[in-house]
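> The sequence isn't on hand, but the structure is:
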């Protein structure tokens, strides 16, 4: 079986197990909801402030959610040593990463899309007319978070202080994603919305660079 | 099921060390296993049996030394069937889903039929739709054994294969291993003490502190390898 068919089979398994247990999705959605509501209560922003700070708070909430979501990504494979079974079964270990990245991106996107109306209501902002731009930004931002986060989850899963290590490594590494995604979202939410292609380009480059690095060196991250 | 159609694979460990921090799991281990041999590894806890099997499966790299395979043909799948301490199956999937998933990854043709046959053989056909989470230790071990046999491997590695199995399942496993051994499949298994499964071995190797301290193929010394290990 080739890389892509292996990855597709693995992705199918990831989605099936998650939708069966709903552990990760439900926890993350509730967590982001709490964070967004707390932000809105703490700041009680005016319409002007909402446009300026809202997207930053939103992406910060997504980043916190990602650190929660990415944690079990490889830890779950350690329960029954299923990672070893996967390594013995796949023709290319990158398939394992591709599937994990695909699943994490999907779950993160789902969380973001569910949170968007809640955020719009609480912060009194409108995304009408900018749906395609928002979707593109969310996709590229989530992909970047998932690619870098999945690699770090693989590293931290083998460390002694694994639960603490991932957020410590993840948040600084994802600072560029946070900045670029926030800037693009601010430009889409402004009084005269426009697509900031520079930010989109940066997100795309970030995704490609980390994906390539993972393709080249990912195998070493899975070794014991 | 137990028909190793492919030619067997041989293994050669050459001055292998495996270190975890300052602790040596294997130390200067040299061991050659010929294609088609059925080797029982004996030794106390921490003697290096599991580490040797994980290196043989290519899941772990030696710190020093080399492992080479012989007899691997161009079209042959050199991947080993491995049954470890952990079942290596997903709790959130059913027995059938687990086997179908791994069969798909391994590129097994006609996987539905094969999985059905394996589930019947390991005695789990009636529980095929139950989540593995609900299984006992022995039932998980049966799923693990079925998973290891999916790709008809030419090299089988078992880490205490009879753990958790009831007498009936142990008899089934013994029969299965006998068929595999007779068909020329190379088998390496770690065992604690003399047992029904151990009697299948054509060679017994005892490890102590990561090194081979006894290696015998027959005779009175064969049993003593396990007697000492179990002591």
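Now that the structure is in, tell me what you want to look at. Since we're looking at a predicted model, the values are computed, not measured.
> List the backbone torsions phi and psi for residue B:93.
Taking degrees, to the nearest 10, you get phi -110, psi 160 for the backbone angles of residue B:93.
> pretty sure it is touching residue B:129, no?
No - Residue B:93 is beyond contact range of residue B:129, at 10.6 Å (criterion: Cβ atoms under 8 Å). All C-beta spots, glycine's among them, are computed from the backbone N, C-alpha and C.
> quick one, which of these two is more surrounded?
More neighbours surround residue B:93 than the other of residue B:93 and residue B:129, with 21 against 9 (other Cβ atoms under 10 Å in any protein chain shown).
> show me what contacts the more buried one?
When contacts are counted by Cβ atoms under 8 Å, 6 or more residues apart in numbering or on different chains, residue B:93 touches A:13, A:16-17, B:101, B:131-132.
> In helices, which of those residues fall?
A:13, A:16-17, B:101 (DSSP state H).
> mind listing the helices for chain B?
Counting by DSSP H, the helices of chain B are B:49-56, B:95-105, B:111-121, B:137-149, B:167-182, B:220-230.
> Between the ones you listed, which one is closest to residue A:176.
Smallest distance to residue A:176 across these (Cβ to Cβ): 34.7 Å, for helix B:95-105.
> what about that closest one, near chain A?
Yes - interface with chain A: helix B:95-105 contributes B:97, B:101-102, B:104-105 (Cβ under 8 Å from any Cβ of the partner chain).
> for chain B, what are the nearby residues on chain A?
So far as Cβ under 8 Å from any Cβ goes, chain A lies against chain B at A:1, A:6, A:9-10, A:13, A:16-17, A:20-21, A:79-82, A:84-91, A:223-224.
> low pLDDT regions in chain B?
B:1-7, B:71-79, B:218-223, B:226-231 (pLDDT under 70).
> which bits of it sit near chain A?
B:54, B:57-61, B:79-80, B:82, B:84-93, B:97, B:101-102, B:104-107, B:147.
> List the ones among those that fall in strands.
Filtering the residues of chain B next to chain A for membership in strands, criterion DSSP state E, returns residue B:82.
> and the residues of helix B:95-105 next to chain A as JSON lines, adding neighbour count?
As requested, those are exported to JSON lines (neighbours: other Cβ atoms under 10 Å in any protein chain shown):
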{"residue": "B:97", "neighbour count": "21"}
{"residue": "B:101", "neighbour count": "25"}
{"residue": "B:102", "neighbour count": "27"}
{"residue": "B:104", "neighbour count": "20"}
{"residue": "B:105", "neighbour count": "24"}
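> Any of the contacts of residue B:93 buried? List them.
A:13, A:17, B:101, B:131-132 (16 or more other Cβ atoms under 10 Å in any protein chain shown).
> Which residues does stretch A:35-45 contact?
So stretch A:35-45 is in contact with A:49, A:53-54, A:57-58, A:60-61, A:64-65, A:115, A:118-119, A:122-123, going by Cβ under 8 Å, 6+ apart.
> List the buried residues for it?
Buried residues in stretch A:35-45 (16+ other Cβ under 10 Å): A:35-36, A:39-40, A:45.
> Could you tell me how many residues sit around the closest residue to residue B:47 other than its chain neighbours?
Leaving aside its sequence neighbours, residue B:47 sits nearest to residue B:207 (Cβ to Cβ, 6 or more residues apart in numbering or on different chains; 4.3 Å). By other Cβ under 10 Å, 26 other residues sit near residue B:207.
> Just confirm residue A:70 contacts residue A:170, I think it does.
Yes - counting by Cβ under 8 Å, residue A:70 touches residue A:170, with 7.0 Å between them.
> circling back to that earlier point, ok, the residue nearest to residue B:47 to residue B:49 distance?
For residue B:207, the distance to residue B:49 equals 6 Å [Cβ to Cβ, to the nearest Å].
> Also residue A:168?
Note on residue A:168: its distance to residue B:49, by Cβ to Cβ, is 37 Å.
> more crowded one of these two?
The neighbour count for residue A:168 versus residue B:49, taken as other Cβ under 10 Å, is higher for residue B:49 (28 against 13).
> coming back round to it: anything in contact with each of residue A:70 and residue A:170?
Joint contacts of residue A:70 and residue A:170 (Cβ under 8 Å, 6+ apart) are A:149, A:152.
> neighbour count winner among these two?
Each of residue A:70 and residue A:170 has its neighbours counted (other Cβ under 10 Å); residue A:70 has more, 29 against 22.
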